[in-house]
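J.: 3D, please:
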Amino acid sequence: MSWFLLSLAGLFEIGWALGLKYSMGFTKLWPSVFTLIAMLISISLLGLAMRQLPVGTAYAVWTGIGAVGTVIAGIILFNDPVNLPRVLSIMLILAGLIGLKLSS
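T.: Numbering: from 1, shown residues only. So this is what the prediction gives:
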């Protein structure tokens, strides 16, 4: 259950990272409200997951899910560049996340 909560927390981290873009620096009301709610949910779920998981593993996986997901969403939603170094970097992060999961 802790890994599920951590994964969900990571998804909400992607949501609030994207919300930051749409809120235009917290100048747009509803995207700002969404961003703040997503932040609260993400941090709360992370805290619940940390009851069972090591802090370093949980935090690294949470930020990794957020980083990889946000990069992919940026490519899809905002036409962020896709090039070999970016793809290789995403793959390295994923390898690290898998390694942390397998070692826990």
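
J.: skip the chain neighbours and tell me the closest residue to the residue nearest to the spatial centre of the chain.
T.: With distances taken as C-alpha atoms, centre = their mean, the residue of the chain nearest its centroid is Gly66 (1.5 Å). Spatial nearest neighbour of Gly66, excluding adjacent residues (C-beta to C-beta, 6 or more residues apart in numbering): Glu13 at 3.5 Å. To be clear about C-beta, it is placed using only N, CA and C from the backbone, and glycine gets the same treatment.

J.: what's whichever strand or helix holds Gly99 in contact with?
T.: Assessed by DSSP states H and E, Gly99 sits inside helix 84-103. Helix 84-103 is contacted by residues 3, 57, 60-61, 64-65, 67-68, 71-72 when judged by C-beta atoms under 8 Å, 6 or more residues apart in numbering.

J.: run through the neighbouring helices and strands of the helix or strand hosting Phe34.
T.: Using DSSP H and E, Phe34 maps to helix 29-49. Packed against helix 29-49, as judged by 3 or more C-beta pairs under 8 Å, 6 or more residues apart in numbering; DSSP states H and E, are the following elements: helix 2-23, helix 55-78.

J.: make CSV out of the ones you listed and add mean pLDDT.
T.: As requested, those are exported to CSV (pLDDT from 0 to 100):
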stretch, mean pLDDT
helix 2-23, 97
helix 55-78, 97
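
J.: between those, which one is closest to Ala49.
T.: helix 2-23 (3.9 Å; C-beta to C-beta).

J.: can you mark which positions in that closest one are buried?
T.: 5-6, 8-20, 23 (16 or more other C-beta atoms under 10 Å).

J.: ok so, going back, export the helices and strands packed on helix 29-49 to a markdown table and append columns for distance to Ser103.
T.: Shown next, in a markdown table, are the helices and strands packed on helix 29-49 (distance: least, C-beta to C-beta, whole Å):
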| stretch | distance to Ser103 |
| --- | --- |
| helix 2-23 | 13 |
| helix 55-78 | 8 |
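
J.: between the ones you listed, which gets nearest to Ile41?
T.: Closest approach to Ile41 among the helices and strands packed on helix 29-49 (C-beta to C-beta): helix 2-23, 4.8 Å.
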